[in-house]
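Visitor: Pasting a predicted model and its sequence here:
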Amino acid sequence: MRFLLCFLVAVPLLAQDETKPPKGEPLKYPTGVILVKGAEPSASDTKTPLPEGGRMANDAYKNDYFGLAYALPRGLKQPFEGPPPSDTGGYVLAQLQPAQTTKAADATSVLVTAQDLFFSAGPAKTAAELVSYKKEVLPPYYEVERPPAEVTMAGRKFARFDYVSRAAGLHWYVLATEVRCHAVQFVFTGRDPKAMETLVDGLEAMKIGGEAPPCVRDYATGANVLNRVEPLLTERRFNRIPVRIVIDTKGRVKYIHFLSAFPQQATAITDALLQWRFKPYIVNSEPAEVETGIVFGGAAGRVAAAGD
Amino acid sequence: MSRRFVPLAILLFCSALPLVAQTDPGVRGGGAAAGQALASVLANNPVTILNFFNDGKARFQEIDSVAGTVSGENGVGLGPRYNSRSCASCHAQPAVGGTSPFTNPQVGDATADGARNTVPSFITINGPVREARFPFFFNTNNPNGGVEDLYTIAGRVDAGTCTSLAQPDFNFATQTNDIIFRIPTPTFGSGLIENIDDSTLLANFTAQQNNSQGVTGTFNHNGNDGTIARFGWKAQNKSLEIFVGEAYNVEQGVTNELFPTERPLPGEDRNAGLPSSCRVNATPEDHTNFNTTSIATLSDSVQFAMFMRLLAPPTPSTTTPGGSTSINNGHNLFNAIGCNVCHTQSLTTTRSAITPSLGQATANLFSDLEIHHMGTGLTDNVSQGDAGGDQFRTAPLWGLGQRIFFMHDGRTSNLINAILAHNSSGSEANNSSFLFFNNLTSGQQQDVLNFLRSL
């Protein structure tokens, strides 16, 4: 009887010709929605704050992962959200523009980004190095207005770097600080230095940073790894898959955040990581949780495939 | 006009100026600035290479029929499904090898030689050449994304037993928003693109990180060896031969040594497949010609790729439109607001074993060949390789001055709208586009437009 029921249900489904219009109400697809995604972020739970999980609320940008609360400067809004995290750990947290389409001389835009320092493609390992490197590779059509230097904003150390395009008459003020092994950057762009400086001063009122596990680069390497199981990547192997993990006090993976992975890859890597064992991270002679990063796929996969 | 209204008219005129002050100069005139062979090919270095270029060009322009028996249509293997009948019919603007022309050949293709096709609503005589894809199989959430050829050979004088073969249901797909379009990519300079080493692309990628625009990007990879793929709207194809072999099969229905089997529609593949009555020819229809010892030995696919490989890049104008000062200003502004983070001006090719012009040459392609998220406004919900629904290869801008249609689907012929289309949620290009519209003066915007149309 059960077989018959299954058959009666299954046959019409199997017989459906997906090249022809179906009978009944057709499924209409929404426009302007990204339904088919590529490598995307995901996490092993839905409660732990994510770097990409910030939001606009009550004229402020809030991001629990970075402990960031930034009141939007007057007259600015975010018309569009940014892209998903990149496979080199780049985040666009907020992109603020004048609320009115205007070419007012004092119009300034604000871009808030974060660079995961575990996965950066360049040589920089700290926020200050990132800003210094930006100056080193500054294209010749810009001029340095203020070389990288340390400043204090909102009670934190920032690296600040200003440059200008004479051709465009536009100035860039870049301020970066380090939170949880990320360089959180505020980039102000505009024509009027005075108006821009006012917005920079506004950073004093923001809140940033907070309680979090210590972050340690390359902790999941060498003798710290007691047991390692390689994930089996089948469908795709060559995209770079950066993964942030939190290791608990017993040396087990407690939490996984994929910055960029296809779903099958996330499943395979999760299955593997849950079998990894680490030396517990020690703080003041006591085991402590630690946050670190690992990269799967990419170049390692390319080497493995050579000659296949 | 009474004197009383003159001040009001002046006021209205002036208030409207910011809206109309900058305009797309339109398709640059003055003859095609593309379509020639590379300099070393014109110099016939190595000896006989010019013959290969000319032969490839002739084949590129050949019109295909089903059996090669129709007068003036000597190519063999059209269909059973197709989008057009010749490479050059679509790759035509401003010269053979280019992109969508002013007059869309697909209107005439529908009924050529007795074919009985209905021209879909999205194909118009003055619109772009288009291929159609259904992102999903009808009434499901199952990704499709394959090309749905516009036409079939049924009814053609040379179709033999293929008397009935239905076109895809474009009306239903349109009604349910289950359809997207792609236009032909121009092929000028593609041999230079093919000869850029992965290490060069990766070095450029690293150099562009931590820019002030929030742009990141990544690469599409060949699924077999993991190297960087670079041809097609999503950089899904590794080489020109792969690109050509697929296009010959998909766009014209000609089976070949790279794609050797007749291609049903994505849905047909899952059901009955193509009817045997419409499998007219033995396969592959395009193949190595064993009975000759000359250049004719090579297959069309190999020679199509060779023609494209040996095509010189477009030559930009230094004065048109707007004059050299405006173009130079526009170039500087284009760089200043960060357009060049993705639209990288130049990359250097590696050594070439084919011809000197391809080796260690500066390719001014204005592309990083990376794929970037372009957001909700441009997403086509088609995944190809590592590229997701909203990820596209940075379109090379060389030759843009003489292109008619812009963006992957040819949605606009206006350059301002094309720049605006870079803005939407999830796009990596928002900030540069913001700076263009909000932070440049009207005169500066015009300079950028003039620069782009000079390419």
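Guide: Cool, the structure landed. Numbers count the residues shown, from 1 in each chain, chains lettered A, B, ... in the order given.

Visitor: Can you tell me the element residue B:52 falls in?
Guide: helix B:49-61 (DSSP states H and E).

Visitor: Apologies, that question was intended for residue B:101.
Guide: With DSSP H and E as the test, residue B:101 turns up in no helix or strand.

Visitor: and the residue in the stretch 1-150 of chain B that chain A sits nearest to, how many neighbours does it have?
Guide: Among all residues of the stretch 1-150 of chain B, residue B:137 sits closest to chain A, at 3.5 Å; criterion: CB to the nearest CB. From N, CA and C alone the C-beta is placed, and that goes for glycine too. Number of residues near residue B:137 (other CB atoms under 10 Å in any protein chain shown) recorded here: 20.

Visitor: Which strands and helices lie in contact with the helix holding residue B:52?
Guide: helix B:39-42, helix B:87-90, helix B:300-310 (3 or more CB pairs under 8 Å, 6 or more residues apart in numbering or on different chains; DSSP states H and E).

Visitor: so the residue of the stretch 1-150 of chain B closest to chain A makes contact with residue B:144?
Guide: Yes: at 4.9 Å, residue B:137 counts as touching residue B:144 under the criterion of CB atoms under 8 Å.

Visitor: one step back: quick one: the helices and strands packed on helix B:49-61 as CSV, columns for distance to chain A too.
Guide: Converted to CSV, those look like this (distance: least, CB to the nearest CB, whole Å):
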stretch, distance to chain A
helix B:39-42, 29
helix B:87-90, 25
helix B:300-310, 24
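
Visitor: got a pLDDT number for the residue of the stretch 1-150 of chain B closest to chain A?
Guide: Looking at residue B:137, its pLDDT stands at 94.

Visitor: how close does it sit to residue B:376?
Guide: Here residue B:137 is placed at a distance of 22 Å from residue B:376 (CB to CB, to the nearest Å).

Visitor: what does residue A:126 give?
Guide: 35 Å.

Visitor: Might you name the residue of the stretch 1-150 of chain A sitting closest to chain B?
Guide: residue A:38 (2.3 Å).

Visitor: Now for that residue, how many residues are close by?
Guide: Residue A:38 has 25 neighbouring residues, counting by other CB under 10 Å.

Visitor: Could you tell me which residues make contact with it?
Guide: A:262, B:383, B:386, B:387, B:388, B:389, B:391 (CB atoms under 8 Å, 6 or more residues apart in numbering or on different chains).

Visitor: Now do residue A:17, the pLDDT please.
Guide: Predicted confidence (pLDDT) for residue A:17: 57.

Visitor: what does residue A:227 give?
Guide: 98.

Visitor: partner residues bridging it?
Guide: For residue A:227, the beta-bridge partners under DSSP bridges are residue A:277.

Visitor: Residue B:347 now?
Guide: residue B:363.

Visitor: Now do the contacts for it.
Guide: Neighbours of residue B:347 in contact, by CB under 8 Å, 6+ apart: B:196, B:200, B:201, B:204, B:362, B:363, B:365, B:368, B:369.

Visitor: Among those, which one lies nearest to chain A?
Guide: For those, the closest approach to chain A (CB to the nearest CB) belongs to residue B:204, at 11.0 Å.

Visitor: Who are the contact partners of the residue of the stretch 251-400 of chain B found nearest chain A?
Guide: In the stretch 251-400 of chain B, the residue that lies nearest chain A is residue B:388 (2.3 Å; CB to the nearest CB). Neighbour list for residue B:388: A:34, A:36, A:37, A:38, A:39, A:40, B:373 [criterion: CB under 8 Å, 6+ apart].

Visitor: With residue B:81 instead?
Guide: B:149, B:151, B:152, B:153, B:165, B:253, B:263, B:264, B:265.

Visitor: rerun at 10 Å
Guide: B:147-154, B:165, B:167-168, B:250-253, B:262-265, B:268, B:274, B:278 (CB atoms under 10 Å, 6 or more residues apart in numbering or on different chains).
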